[in-house]
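K.L.:
Take a look and give me a structure for this.
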Amino acid sequence: MSLSLPLAAALAVATPQAGSPELSTPTPAEPAVSGSATPAVPPLGPAADDAAAAPPPAAPAPVPSAVPSAVPGEIVVTARGKPPPGDPLQAVNVEAFKVLQSVDAALVAPIAKGYDSAVPKPVKSGLHNFLQNLTEPIVFINYLLQLKPGKAAETLARFTINSTLGFGGLIDVAKTKTINLPYRVNGFAYTMGYYGIKPGPFLFLPLLGPTTARDVIGRVLDLSVLPVGVGSPFNRPAYSLGSGALKAIDERLERDDMLTTIQEDCPDPYAAERTWYLEKRQAVIEALHGRSVDLTAKLPQCLVDGMKARADARTKPALPPLAPALPSEPPAASDQPAVAPTM
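P.N.:
Sure thing, here's the model as predicted:
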């Protein structure tokens, strides 16, 4: 009996307890007993740990989209199918359009807006009237070619009044309510269209922007009237470059709402500007025939809504600053009698 207690204590020390770290130590596998239903236990150890720590299978790589995402500020031109009948050179025109839009955003628009903010309004108005007055001889000639002597006489009277009473055209005296001779647009391209000459293919050219084959010929003839018919100073390069640059800035300011709307509001800027140009030119030709045209109904809705919103925002008067809030009730007078200052 004295020997059984030490032997039991020794056996207790040598036998591992449940939850003891020694359970993770691998032991030699025992031979399987034939007919035993006990399943084989997989060995524990580093191999099992590696299997548990293995990363999940990688997800398949995403398939790139067929249409790349747009970069903020980038002008996106939508994919196109077959060119329309009036624009057979559409692929080339689209590339020229994107280049000119980039040049406008980086150079032309900042110069025009800087000119608009730096030059006083009376000076800008005077220069605009002066440049417009120089086109009156072209308008006069084309009304004669269109067999409209009454309109030609009005144009001649307008040119004479503004060139004299308007100090060389700086002031548009003829458009006042007393005289009521407004400016009218006309030119050789309109005369060709008036007699049925089609515009030809639509073009988007450097420096000129949107135009047509007919309008290019008409523009060359318009620019040749004063240099050929009058001579100096209109035939001098310095005058041509200076007046051309000033006219480009003036026209850019006039078309700012339209260009901004096309760039920011229309899903297809190229198609919107093409429609705007062609329909506006055709409306003038229809007016020469005495036919009225609802130009708004022919333009893209994005262009109509955007230009109207910008015009309304520009003409809407600014709200006056709010006055400081007044107390709802005057402060109560003190019940204490006033105390005279002591001497």
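
K.L.:
next SSE after the helix or strand harbouring residue 123?
P.N.:
Residue 123 is part of helix 121-133, with elements assigned from DSSP states H and E. Scanning forward in sequence from helix 121-133, with DSSP H and E defining helices and strands, the next element found is helix 136-145.

K.L.:
which residues touch that following helix?
P.N.:
Contacts with helix 136-145, where a contact means CB atoms under 8 Å, 6 or more residues apart in numbering, come from 149, 151-152, 155-156, 158-159, 162, 184-188, 190-191, 222, 225-226, 229. Placement of C-beta: from N, CA and C, glycine included.

K.L.:
Buried among the residues you listed? Make that a PyMOL selection.
P.N.:
The PyMOL selection below is limited to those of the contacts of helix 136-145 classed as buried (16 or more other CB atoms under 10 Å):
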select buried, resi 151+152+155+156+158+159+162+186+187+188+190+191+222+225+226
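
K.L.:
ok, back up a step: show me what the helix holding residue 123 packs onto, helices and strands only.
P.N.:
Contacts defined by 3 or more CB pairs under 8 Å, 6 or more residues apart in numbering; DSSP states H and E place helix 121-133 against helix 149-164, helix 237-254.

K.L.:
want to try JSON lines for the ones you listed, with mean pLDDT as columns?
P.N.:
Listed next are the helices and strands packed on helix 121-133 as JSON lines, based on pLDDT from 0 to 100:
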{"stretch": "helix 149-164", "mean pLDDT": "97"}
{"stretch": "helix 237-254", "mean pLDDT": "90"}
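
K.L.:
if you average pLDDT over the helix or strand where residue 112 lies, what comes out?
P.N.:
With secondary structure defined by DSSP H and E, residue 112 is part of helix 109-118. Taken as a whole, helix 109-118 carries a mean pLDDT of 94.

K.L.:
So which elements touch it?
P.N.:
Counting contacts by 3+ CB pairs under 8 Å, 6+ apart, the secondary-structure elements packed against helix 109-118 are helix 237-254, helix 256-265.

K.L.:
Deepest-packed of those, please.
P.N.:
The densest packing among these, expressed as mean neighbour count by mean count of other CB atoms under 10 Å, is seen in helix 256-265 with a mean of 18.

K.L.:
Look through the chain and tell me its longest helix.
P.N.:
Under DSSP state H, the helix in the chain containing the largest number of residues is helix 269-288.

K.L.:
That's all I had, so thanks and see you.
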